[in-house]
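# One predicted model, sequence on top.
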Amino acid sequence: QKEVEQDPGPLSVPEGAIVSLNCTYSNSAFQYFMWYRQYSRKGPELLMYTYSSGNKEDGRFTAQVDKSSKYISLFIRDSQPSDSATYLCAMTSYGNKLVFGAGTILRVKS
Amino acid sequence: GAVVSQHPSWVICKSGTSVKIECRSLDFQATTMFWYRQFPKQSLMLMATSNEGSKATYEQGVEKDKFLINHASLTLSTLTVTSAHPEDSSFYICSARDLWGLAGSWQFFGPGTRLTVL
């Protein structure tokens, strides 16, 4: 079993839809949870960063962490074609290396 | 946000030659830099962790004599692929951890270097 599980998709939605992306994990030591966006042939871009459980909102993006369920989510409201990319969840404990999910390919159709 | 650059962005070389890739943190100091490899439609695979002024720590299965890493300053790390072969063709991405980042866990990624070995 992988430490971090993420459905690779692809996930295809119409423009304006609410997108829900999820990851589950098995290591209860993880404390820091991140979402990265990666466009084709580009490096990952940090989107959201959350410590421990809770919600964090930034514009159209909301990140949720439920440590009791070992489940994290990223919601994208009013999705745009420019949101089409691969979304990678990543997590770590203090000072340790990041553990990535497989990445979910998102396609937003205009 | 913090900016990490990589050079070159794309390189083609002949089999048997060596290629050096540079990773720079432009507006922050990075005590730790990471090197990843990514194959098409796959996630990032950590190759090694480098700390400024000390030897890199390689992940299991990564040949340290083939992938030479030098982290000579707080803003520069280099990855040299020695005696490159076609199977080394991949997308190489570095990241840098902000010295002052929250709990030392922030990582900012470079744009990647696409290596093609003929």
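Arrived safely, thanks for sending.

# What segments of chain B are strands?
For chain B, the strands defined by DSSP state E occupy B:4-7, B:10-13, B:19-25, B:30-38, B:45-51, B:57-58, B:67-73, B:76-81, B:90-98, B:108-109, B:113-117.

# Kindly report the same for chain A.
Secondary structure of chain A (DSSP E): strands at A:4-5, A:11-14, A:19-25, A:32-38, A:45-51, A:54-58, A:61-66, A:71-76, A:85-92, A:99-100, A:104-109.

# Get me the contact residues on chain B for chain A.
Residues of chain B lying close to chain A (C-beta under 8 Å from any C-beta of the partner chain) are B:1, B:4, B:6, B:34, B:41-44, B:46, B:49, B:91, B:93, B:95, B:102-112, B:114. (C-beta placed from N, C-alpha, C; glycine too.)

# Just confirm A:T62 contacts A:G54, I think it does.
No - judged on C-beta atoms under 8 Å, A:T62 makes no contact with A:G54 at a distance of 11.0 Å.

# Counting neighbours, go ahead and name the busier of the two.
A:T62 (17 against 12; other C-beta atoms under 10 Å in any protein chain shown).

# That one and chain B, how far apart?
19 Å (C-beta to the nearest C-beta, to the nearest Å).

# Next up, the contacts around that residue.
A:55-56, A:74-75, A:77 (C-beta atoms under 8 Å, 6 or more residues apart in numbering or on different chains).

# Which of those residues are buried, as a PyMOL select command?
The buried residues among these can be selected in PyMOL (16 or more other C-beta atoms under 10 Å in any protein chain shown) with this line:
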select buried, chain A and resi 74+75
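
# would JSON lines of the contacts of A:T62 with pLDDT be doable?
Shown next, in JSON lines, are the contacts of A:T62 (pLDDT from 0 to 100):
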{"residue": "A:N55", "pLDDT": "92"}
{"residue": "A:K56", "pLDDT": "93"}
{"residue": "A:L74", "pLDDT": "98"}
{"residue": "A:F75", "pLDDT": "98"}
{"residue": "A:R77", "pLDDT": "98"}
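
# Nearest to chain B among the contacts of A:T62?
Lowest distance from chain B to these (C-beta to the nearest C-beta) belongs to A:K56, with 12.6 Å.

# Pull the number of nearby residues for whichever residue of chain B sits closest to chain A.
Nearest to chain A, among the residues of chain B, is B:F109, at 4.0 Å (C-beta to the nearest C-beta). Look at B:F109: counted by other C-beta under 10 Å, it has 23 neighbours.

# quick one: pLDDT of it?
The model reports B:F109 with a pLDDT of 93.

# Is it bridged to anything, and to what?
For B:F109, the beta-bridge partners under DSSP bridges are B:S95.

# repeat for A:Q38
A:T86.

# Spit out the contact partners of it.
Residues in contact with A:Q38, defined by C-beta under 8 Å, 6+ apart, are A:44-45, A:85-88, A:103.

# I am finished for the moment; much appreciated.
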